[in-house]
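Q: Okay, here's the prediction I keep looking at, along with the sequence it came from:
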Amino acid sequence: MKAILAVLTFCCASALAQRAPSNLLLESRAAHVSISFAGQDSTTYRFAISSSSNVTALALRLVPFGIPKVNGAYACDVSCSGSSRIGSKGKPVIKAGGRVDDFIFDIAEVTAKVVVVETAVFDDGTFEGDEKVAAFMSATQIGNQGEWERIVPSVTSSLNSNLDDVSRAQQIHSQLRKLPDSIDSAMMKSFKLRFPFLPDCNQQYAQTMI
């Protein structure tokens, strides 16, 4: 009986420890992604993010209490801050059906704030949440992948050559300088189809992709 009571006491204490403090609220603008309070230590709060789909990029936003909502989104100003993580199809930020509980913020940073899952990008190219944020994260993913696909073959061919180290380094440097510094038109067209309501896709997002 004592053992059972001890287990129940431990479980209740654990449940209470996972309850979010009253000076912060948790929300998600992504229907397939949820956020929960995962615990705290003396200086930080930890949050867990779960998803029913593979998430390749994720953005959280910290919104002070009192910021109004416009069309379902907080009308943030410079007082809002946040954090993002960008992965890839091969290395998603969160796997489908999985949970990641290492999103950490300083307690002072999130006091009297709403912690919002602002945007999630999925491995099929779709997104939920803020379109502009999703576009920037997707553009970064495209740029990272394109850079990898351009650089790796050039570097690998030089590393596998019979040249000495100095000549090999010079060859790598020369090959990297020849790499294109613009994006493929088909890639840009595909990007614009994914984000049809962004008027300046050809400029700032294109720069992120290069």
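A: Perfect, I can see it now. Numbering: from 1, shown residues only.
Q: what is the rounded mean pLDDT of the host helix or strand of Val117?
A: Assessed by DSSP states H and E, Val117 sits inside strand 113-122. Per-residue pLDDT values over strand 113-122 give a mean of 95.
Q: And for it, what's in contact with it?
A: Here strand 113-122 makes contact (CB atoms under 8 Å, 6 or more residues apart in numbering) with 24-30, 32-35, 47, 49, 51, 53-65, 67, 74, 82, 105, 127-130, 133-134, 137-138, 141. Where C-beta positions appear, they are placed from N, C-alpha and C, glycine not excepted.
Q: Parallel or antiparallel, list what pairs with that strand.
A: Counting by DSSP bridges, the strands paired with strand 113-122 are strand 24-28 (parallel), strand 55-64 (antiparallel), strand 127-129 (antiparallel).
Q: Can you turn the buried part of the contacts of strand 113-122 into a ChimeraX selection?
A: A single ChimeraX command is used to select the members of those judged buried by 16 or more other CB atoms under 10 Å:
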select :24,28,29,30,33,34,35,47,49,51,53,54,55,56,57,58,59,60,61,62,63,64,74,82,105,127,128,129,130,133,134,137,138,141
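Q: Ile67 sits in which helix or strand?
A: Assigning secondary structure by DSSP H and E places Ile67 outside every helix and strand.
Q: That one is in contact with Ser81, isn't it?
A: No - under the criterion of CB atoms under 8 Å, Ile67 lies out of contact with Ser81, with a separation of 11.9 Å.
Q: got the contact list for Asp50?
A: Actually, residue 50 is Ser. It isn't Asp. By CB under 8 Å, 6+ apart, the contact list for Ser50 reads 33-36, 94, 98-100.
Q: Which one of the residues you listed is nearest to Asp123?
A: Using CB to CB, Ile94 is the member of the contacts of Ser50 that lies nearest Asp123, at 10.4 Å.
Q: Just list whatever residues bridge to the closest one.
A: Per DSSP bridges, residues listed as beta-bridge partners of Ile94: Val55.
Q: Next one, pLDDT for it please.
A: pLDDT for Ile94: 96.
Q: mind listing the strands for this protein?
A: Secondary structure of the chain (DSSP state E): strands at 24-28, 33-40, 44-51, 55-64, 69-70, 73-74, 81-86, 99-106, 113-122, 127-129.
Q: could I get those strands as TSV with distance to Asp164?
A: Formatted as TSV, the entries for the strands of the chain read as follows, by distance: least, CB to CB, whole Å:
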stretch	distance to Asp164
strand 24-28	56
strand 33-40	52
strand 44-51	49
strand 55-64	41
strand 69-70	62
strand 73-74	58
strand 81-86	38
strand 99-106	44
strand 113-122	44
strand 127-129	48
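Q: export the strand holding Val117 as PDB, just CAs?
A: Coordinates of each C-alpha in strand 113-122 appear next as PDB, following Å, rounded to 0.1, in the frame of the first residue of the first chain:
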ATOM      1  CA  LYS A 113       4.600  36.100 -22.800                       C
ATOM      2  CA  VAL A 114       2.800  33.800 -25.200                       C
ATOM      3  CA  VAL A 115       5.000  31.100 -26.700                       C
ATOM      4  CA  VAL A 116       3.600  30.500 -30.100                       C
ATOM      5  CA  VAL A 117       4.400  27.800 -32.700                       C
ATOM      6  CA  GLU A 118       4.400  30.400 -35.500                       C
ATOM      7  CA  THR A 119       5.200  28.300 -38.500                       C
ATOM      8  CA  ALA A 120       5.900  24.700 -39.500                       C
ATOM      9  CA  VAL A 121       7.200  23.600 -42.900                       C
ATOM     10  CA  PHE A 122       6.600  19.900 -43.700                       C
END
